[in-house]
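Engineer: Just to be clear, the model below is a prediction. Sequence and coordinates:
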Amino acid sequence: MGMRFTGERVIPELPELRVTFLQSLAAYEHAAPFVTGKRVLDCGCGEGYGTALLAERATLAVGLDREREVVAYAASKYRTAERASFIAAGAEALPFTDGSVDVAVCFQVIEHLPDPVAFLHEVRRLLAPGGVFMLTTPNLLVTGARPNPHHVHDYTPDDLCALLEGVFDDVELLGVFAGRQVAAYRAKNDRIVRTIMRLDPLGLHRKIPTRLVESVHIRVTRLIRGRLNDSNRDLVTNLTTADFPVSANGIKGAIDLLGVCRKGTATT
């Protein structure tokens, strides 16, 4: 049985999500060199592909997701991945002892959390001295054309830096960027989104119950991506994670913000 599409969880097998999958995978590939021989936690692991990738280098990689059905799916799909395991738990109280994790990653999750500060303190607690935490989140300066009812809060580079620096000892902010072909694809997507939004000049969608808006968003997302991919088949087929470079330059133009946070080496 396949995993249910929620509008946010990335499912590699869905053709209409191929571009989103590669964008997400690029962040995991950037994290991979940090995890060699380490104990790793993947917060909000979803389908589990990222946890499995990190487990190839880690001593142990644990994928955590709040939904038990998702964890069961990941555990079944990646049951042959050595050193990978999956557990169900929420971000508010991570079920790990202090200092038990060397590297934690959390990709495309923090924008969904009502209390991100509490979550970040939980991550700091479980990190060993000198531990590393990496996260991504959409860059509000770039994604403004894509209203997302699933998000609690979207971040600018300055917003995210201030949030992370309030918890961690050292913070480096990078960006995941769209290569030329990806930028062309996203521009077409934006034009479609803007056309749809013009059908609601009074912003009446803001008065519709959140659950209904989310349901509509899921259907519209799949429809738009499906049609885009059909009309740009060669472009989409030829894309790789190399089309989503990570850089510290020009972060305001990044499609995703990528924070690399470090906990100090002191034991207190």
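Structural biologist: Received, thanks.
Engineer: and the closest residue to residue 98 other than its chain neighbours, how many residues sit next to it?
Structural biologist: Excluding the flanking residues, the one nearest residue 98 by Cβ to Cβ, 6 or more residues apart in numbering is residue 125, at 5.5 Å. Placement of C-beta: from N, CA and C, glycine included. Residue 125: 15 surrounding residues under other Cβ atoms under 10 Å.
Engineer: Residue 62 should be in a helix, yeah?
Structural biologist: No. Residue 62: not assigned to a helix; according to DSSP: H, G, I helix; E, B strand; the rest coil it is strand.
Engineer: before we move on, back to that, next SSE downstream of the helix or strand where the residue nearest to residue 98 lies?
Structural biologist: Using DSSP states H and E, residue 125 falls within helix 116-126. Where DSSP H and E defines the elements, the next helix or strand beyond helix 116-126 is strand 127-138.
Engineer: Give the other helices and strands that that following strand contacts.
Structural biologist: Contacts defined by 3 or more Cβ pairs under 8 Å, 6 or more residues apart in numbering; DSSP states H and E place strand 127-138 against helix 18-31, strand 101-107, strand 256-262.
Engineer: Can you say which of the ones you listed is packed in most?
Structural biologist: Among these, strand 101-107 has the highest mean neighbour count (mean count of other Cβ atoms under 10 Å), at a mean of 25.
Engineer: so how far is stretch 121-135 off the chain centroid?
Structural biologist: Stretch 121-135 has its C-alpha centroid displaced from the chain centroid by 17 Å (Cα atoms, centre = their mean, to the nearest Å).
Engineer: Show the average pLDDT along it.
Structural biologist: Mean pLDDT, stretch 121-135: 97.
Engineer: now swap in stretch 10-21 and tell me
Structural biologist: Mean predicted lDDT for stretch 10-21 stands at 85.
Engineer: Give me the distance between the two termini of it.
Structural biologist: 6 Å (Cα to Cα, to the nearest Å).
Engineer: for the stretch 151-268 of the chain, what spans make up the helices?
Structural biologist: Applying DSSP state H, counting those that start in this stretch to the stretch 151-268 of the chain gives helices spanning 157-165, 180-197, 210-231, 233-238.
Engineer: Quick check: mean pLDDT of the third one?
Structural biologist: In other words, helix 210-231. Across helix 210-231, the average pLDDT comes to 69.
Engineer: Likewise for stretch 53-63?
Structural biologist: On average, stretch 53-63 scores 97.
Engineer: can you check stretch 86-95 too?
Structural biologist: Computed over stretch 86-95, the average pLDDT equals 92.
Engineer: Quick one: end-to-end distance for that stretch.
Structural biologist: Span of stretch 86-95 from end to end, Cα to Cα: 12 Å.
Engineer: close enough to count as contact, the residue nearest to residue 98 and residue 95?
Structural biologist: No. Using Cβ atoms under 8 Å, residue 125 is not in contact with residue 95; the gap is 11.8 Å.
Engineer: Show me the residue at the heart of this structure, geometrically.
Structural biologist: Centroid-nearest residue in the chain, with Cα atoms, centre = their mean: residue 108, separated by 2.1 Å.
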